[in-house]
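Chemist: sequence plus the predicted model coming up.
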Amino acid sequence: MRSEPKRIRQYDEGAPEQSNDVMHQIWKSTNNMEQTIYNQEGKAIDKVNLPADVFGVAWASDLVKEVTLGMTANMRHGTAHTKGRGDVRGGGKKPWQQKGTGRARHGSTRSPIWVGGGVSHGPRKDKDYSQKINKKKRIKALYSILSRKLKDNEILFVDSINFDKPKTAEARKVLTNFGKIEGFKGISQKKNNNAIITLSKDNKNAEMSLRNFGNITLEEVRNLNPLMLLQYKYLVVVDPKVALSKISGKL
């Protein structure tokens, strides 16, 4: 059976886009791009300056919708399939002669109007649902979502997540510590689609320690995409200085 797709978060568009642009410029001018970096104990240890061209982009609802719909369409597989009259077995013999019987003429018992015949205009598994998404559009939508999440205080910057050995109990303590940070209480309480944790490099101990949490997903920062960000409420960026250079380098 096909698994149900994760619910995509809906942002309230509010006023028209012209007003959104004006409000965004006001927000951008009154909020600097400096954010706090925390350790896995939940304590502030450093600051990081965020690039304005990534985290200071205006919200583009139409672009985000276009890109996410295209991405979901590209994930779609045409599994529904019906057989036409040429695909159904049998029906090679003419059921009765053309004339003289008083009945309607037929050439095959596999015609769509016969029981056991083919299907007219039914779905075919060879249908292609994919859509072309321009690279610059996809990246701009990614930056727009990142900017919106930063504005809504849904991005947490962490210097590192390290474990001596894979241990789920230790991972739970780390998530609890994150939940004590102001504005991130839900990161340790939300049951579904809670957070996506991005890693700059492979970390087997962290991956094995956190994989038992169904509401948490780990992903390499280079694989971030708009659809992934909309499926989770919080974004935890590990090793921000390396991660930001990879995100900024997408353009």
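Modeler: Yes, it's here.
Chemist: and the longest helix belonging to the chain, how far out from the chain's middle?
Modeler: Using DSSP state H to define each element, the chain has its longest helix at helix 135-151. Centroid separation between helix 135-151 and its chain, computed with CA atoms, centre = their mean, to the nearest Å, is 13 Å.
Chemist: which neighbouring elements make contact with that helix?
Modeler: helix 52-55, helix 61-74, helix 226-231 (3 or more CB pairs under 8 Å, 6 or more residues apart in numbering; DSSP states H and E). The way it works is simple: take the backbone N, C-alpha and C, and place the C-beta from them, glycine included.
Chemist: could you check the angle helix 61-74 makes with it?
Modeler: Using axes from the mean of the first three to the mean of the last three CA atoms, to 10 degrees, the direction of helix 135-151 lies 120 degrees away from that of helix 61-74.
Chemist: check which residues of helix 135-151 are buried.
Modeler: Neighbour-count burial for helix 135-151 flags 137-151 (criterion: 16 or more other CB atoms under 10 Å).
Chemist: per the record, what domains does the protein have?
Modeler: 17-76+129-248, 78-127 (automatic domain parsing).
Chemist: mean pLDDT for those - can I get that in JSON lines?
Modeler: Output for the domains of the chain, formatted as JSON lines (pLDDT from 0 to 100):
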{"stretch": "domain 17-76+129-248", "mean pLDDT": "89"}
{"stretch": "domain 78-127", "mean pLDDT": "92"}
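Chemist: what about the residue lying farthest from the centre of the chain, which SS state?
Modeler: Most distant from the centre of the chain: Gly100, at 64.6 Å, with distances by CA atoms, centre = their mean. Put simply, Gly100 is coil when judged by DSSP: H, G, I helix; E, B strand; the rest coil.
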